[in-house]
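1. here is a sequence with its predicted model. Questions after.
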Amino acid sequence: MNFFGSKFGKSKGKKDGIQKPLWLNHPFVEATLVNGSLRKVVALPRYVDVNEWLAVNSFDFFNYTNLFYGAIAEFCTPKDCPVMCAGQNCEYTWTDGQKRTIKIPAPQYVDYVMTWIQNVLNDENVFPTKSGYEFPREFQNAVRTIFKQLFRIFAHIYHHHYDKILHVSAEGHLNTLFAHFISFAREFDLIDKKEIAPMADFIAELDQAQRI
């Protein structure tokens, strides 16, 4: 039985004659846990090393994103999500061990991504935790890759599982986390502009509301 389709399955608003996704409709688009901008929250604290700040936040965003995906994981199946995508016009591919670009189901893609990020976070050569150890030259590139992949998971959740988020009344929490994530990524130039295209309209709404 589908507990979600009847109440939350269709968007009400339209933009330029095209049906708007749920998260761009009122009141969901305004649902956040904060009223002001998150810029002060993401700014580098005084006397804190920038790489330390990037490392701590990478760890936190990984864990929070993992929690939200876990909340909808049972609905993200190879049958329902045969390709990792964010809407009809954006598909994500995976590069396997033989450097081949392949399309895989969304749950498999997310599993690969989260496993890879966990391994990177646990790698002392990339994310050192011991006193006296320096961050490697490629550290910030690793952080950018982490943020790119986490963004893709956010985009998939919004485009394909937002109705489940609404069902458990977690839209305010998800929107706030996403706003925090985007604000941090902007502050430290962690995501290319072309990458954010699937969520550009929502990011513009967050901008207008002065959340980011």
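-> The structure has been received and is ready for your questions.

2. tell me what the helix or strand containing L177 is packed against?
-> For L177, the host element (DSSP states H and E) is helix 171-187. Helix 171-187 sits against helix 39-42, helix 50-72, helix 139-167, helix 200-208, with contacts defined as 3 or more Cβ pairs under 8 Å, 6 or more residues apart in numbering; DSSP states H and E. Where you see a C-beta, it was placed from the backbone N, CA and C, and this is true even at glycine.

3. gap between the first one and the chain center?
-> Relative to its chain's centre, helix 39-42 lies at 18 Å (Cα atoms, centre = their mean, to the nearest Å).

4. list the buried residues for that helix?
-> For helix 39-42, the neighbour count (16 or more other Cβ atoms under 10 Å) marks V42 as buried.

5. residues contacting that helix, please?
-> Around helix 39-42, the neighbours that count as contacts under Cβ atoms under 8 Å, 6 or more residues apart in numbering are N57, H180, S183, F184, E187, I212.

6. identify the residues contacting stretch 142-155?
-> The contact list for stretch 142-155, computed with Cβ under 8 Å, 6+ apart, reads 54-55, 58, 61-62, 65, 69, 84, 86-87, 90, 92, 110, 113, 116-117, 120, 126, 178, 181, 185, 190-192, 195-196, 198-199.

7. any chance of CSV for the helices and strands packed on helix 171-187, columns mean pLDDT and distance to D80?
-> Output for those, formatted as CSV (pLDDT from 0 to 100; distance: least, Cβ to Cβ, whole Å):
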stretch, mean pLDDT, distance to D80
helix 39-42, 87, 34
helix 50-72, 95, 11
helix 139-167, 95, 8
helix 200-208, 90, 22
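
8. need the winner for burial among those helices.
-> Highest mean neighbour count among the helices and strands packed on helix 171-187 (mean count of other Cβ atoms under 10 Å): helix 139-167, with a mean of 20.
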